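Novice: just need the structure, nothing else, for what follows:
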Amino acid sequence: MLLPRQPVPELRAPTLAHGDFDLAAETPKLFTLVSFYRGLHCPVCLKYLRDLGSLIPEYERRGTKVIAISSDGRDRALEMADKVGASDSLRFGYSPPLTVARSWSLYTSSSRGKSSINIEEPSLFSEPGVFLVRPDGTLYYSAVQTMPFARPLFSELLQAIDFAIANDYPAHGEYDGPL
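Specialist: Numbering: from 1, shown residues only. Here you go, the predicted structure:
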């Protein structure tokens, strides 16, 4: 289990248009927002990533770098980026092994054939998760889903960042001792 205020696992992946991504080498002022998405087969991910892509300038104004990443291969990631239409501003990472997804506490699903938009699901894929990681590599925020539905809204996450900045608000949920 990932814990706030503790280091997150390693995360490296090639991107479509921004070179190789290495979370440990990121230098944001406040956060790196990592949005794991299910893949090309997911219509909810498409809508979600379009929303994220439209907000990139707002995240950048708040000292937050952003990447969307899935276990899809390059071709499927490229097709998703084309559908999203934000590939110039939104970094798309692809092909991390599912062991990486598991190390980030993401759930894994097996294929049920073609999705509702008639695209074949990969045999295995990770479910979504959104993370804010501090420049020192520690976890500030996480939301992990077992389904594609009811994800945190990126516009509300911007408001949360504003609150955290204004109030020097610490990460919560770090306690791992006896109860």
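Novice: which ones are touching the residue sitting nearest the centre point of the chain?
Specialist: Central residue of the chain (CA atoms, centre = their mean): Ser35, 1.1 Å from the mean position. By CB atoms under 8 Å, 6 or more residues apart in numbering, the contact set of Ser35 is Tyr48, Leu49, Leu52, Val66, Ile67, Ala68, Ile69, Pro128, Gly129, Val130, Phe131. Quick note: C-beta positions are derived from backbone N, CA and C, even for glycine.
Novice: just give the number of residues close to the residue lying closest to Pro97 once chain neighbours are set aside.
Specialist: Leaving aside its chain neighbours, Pro97 sits nearest to Ser71 (7.4 Å; criterion: CB to CB, 6 or more residues apart in numbering). By other CB atoms under 10 Å, 25 other residues sit near Ser71.
Novice: gap between Ser71 and Glu127?
Specialist: 11 Å (CB to CB, to the nearest Å).
Novice: likewise for Asp51?
Specialist: 18 Å.
Novice: among these two, which residue is more densely surrounded?
Specialist: More crowded of Asp51 and Glu127, by other CB under 10 Å: Glu127, with 18 against 15.
Novice: burial check on the closest residue to the more buried one other than its chain neighbours, number of neighbours?
Specialist: Closest residue to Glu127 apart from its sequence neighbours, by CB to CB, 6+ apart: Tyr107 at 4.2 Å. The tally of other residues near Tyr107 (other CB under 10 Å) stands at 15.
Novice: now swap in Ala86 and tell me
Specialist: 19.
Novice: I'd say it and Asp51 touch.
Specialist: No. Using CB atoms under 8 Å, Ala86 is not in contact with Asp51; the gap is 9.8 Å.
Novice: overlap in contacts of those two?
Specialist: Contacts common to Ala86 and Asp51, judged by CB under 8 Å, 6+ apart, are absent.
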